[in-house]
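A.B. asks: with the sequence up front, the predicted model follows.
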Amino acid sequence: MMGLPMARNLIKAGYHLSIYNRSPEKASSLIDLGVKVKKKSLDVAEPGGIVMSCVSEDRALTAVVGENGELAERLGRDGIHISMSTILPKTAARLAFQQSGFGGYYVSAPVMGRPDSVLAKKQLYFIAGDEKAKKRAIPLLEAIGMKIFDFGGTPENANVAKLAANFLIASAIEAMAEAFTFVSKNHGDADKLLEAVGETLFACPIYQNYGRQILDKNYTEPLFKLQLGLKDIRLIAETATESNTPMRFVRVLQDRFSAAVAHGLSSYDWTGIASEVESEAGL
């Protein structure tokens, strides 16, 4: 859902791509655009070249790059792996260490945006890594995105920032779900509340777009699956625990997302946690 529109926009920008996808049929639409679809992930890498990856979670990324740094070895000296996935910071640190062992560079560039914004090139990138490698990576990201925020020379710092941003979004979804349910349960107009705060106090896409999605109960055509939301909350909780960072609201979100998954809502959009809030209120 994320990689395909990014690949299409890279092609439109004039780049020639070799592609690997774990589900080959999902990449078939790119063949007519001159893309070379490879059967193995390592086959997309060329010595000294650049590989961009975007997958759903840590295990998937490890499977793609190899348990023992096989992709890093294939890229070799001056090769660059630009990783756009939302993963644990410690996973990014491990992969960066592997890459450096073969004279290459690992650049963290987790993408901030949903598939519709990626298609429109309105997504953001949080980037961190070696300065020389970032200079090669940034033109690629600028060609397909709206803005890049640089978090310095340590790759995992970009992943920490991405997890923090997703925590803020999930918190906003929970807050809106509770506020709208509170208004509805007390015979008020939740639509009018969204109009009021969406144009004044919280005049931003997160409240405007996700708020409308919650009120319309548009959960069954997900742009970001609830199961992946739970995955991200677990990554935040794990990183917070390991760094001795108290994050009490993470526990609330983890319970909320876990309950939604237990009730069979894994394939809903992550705004679907609002149905849990309404159910608890008897609506």
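C.D. replies: Done, it's in. This structure is a prediction, so every number in the text was calculated from the model and none was measured.
A.B. asks: where does pLDDT dip in this structure?
C.D. replies: Counting by pLDDT under 70, the chain contains no low-confidence segment.
A.B. asks: now do the residue of it most remote from its centre against Val197, distance only.
C.D. replies: Distance from the C-alpha centroid of the chain peaks at His187, with 36.9 Å (C-alpha atoms, centre = their mean). Applying C-beta to C-beta, to the nearest Å, the value for His187 to Val197 is 19 Å. For glycine as for every other residue, the C-beta is placed from the backbone atoms N, C-alpha and C.
A.B. asks: now do Gly103
C.D. replies: Applying C-beta to C-beta to Gly103 and Val197 gives a distance of 52 Å.
A.B. asks: what does Ile169 give?
C.D. replies: 16 Å.
A.B. asks: name the nearest residue to Ala179, sequence neighbours excluded.
C.D. replies: Leu193 (6.9 Å; C-beta to C-beta, 6 or more residues apart in numbering).
A.B. asks: wait, a strand at the one you found?
C.D. replies: No. Assessed with DSSP: H, G, I helix; E, B strand; the rest coil, Leu193 is helix; it does not lie in a strand.
A.B. asks: report how many residues lie close to it.
C.D. replies: 18 (other C-beta atoms under 10 Å).
A.B. asks: wait, what's in contact with it?
C.D. replies: Ala179, Phe180, Val183 (C-beta atoms under 8 Å, 6 or more residues apart in numbering).
A.B. asks: most neighbours, which of those residues?
C.D. replies: In the contacts of Leu193, the most neighbours by other C-beta under 10 Å go to Phe180, 22 neighbours.
A.B. asks: was I right about it contacting Arg212?
C.D. replies: No. Contact criterion C-beta atoms under 8 Å: Phe180 and Arg212 do not qualify, at 10.8 Å.
A.B. asks: in the stretch 151-283 of the chain, which spans are helices?
C.D. replies: 156-185, 190-199, 205, 211-215, 226-242, 248-262, 273-280 (DSSP state H, counting those that start in this stretch).
A.B. asks: in JSON lines: those helices, plus distance to Ser83.
C.D. replies: As requested, the helices of the stretch 151-283 of the chain are exported to JSON lines (distance: least, C-beta to C-beta, whole Å):
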{"stretch": "helix 156-185", "distance to Ser83": "9"}
{"stretch": "helix 190-199", "distance to Ser83": "34"}
{"stretch": "helix 205", "distance to Ser83": "25"}
{"stretch": "helix 211-215", "distance to Ser83": "29"}
{"stretch": "helix 226-242", "distance to Ser83": "14"}
{"stretch": "helix 248-262", "distance to Ser83": "24"}
{"stretch": "helix 273-280", "distance to Ser83": "28"}
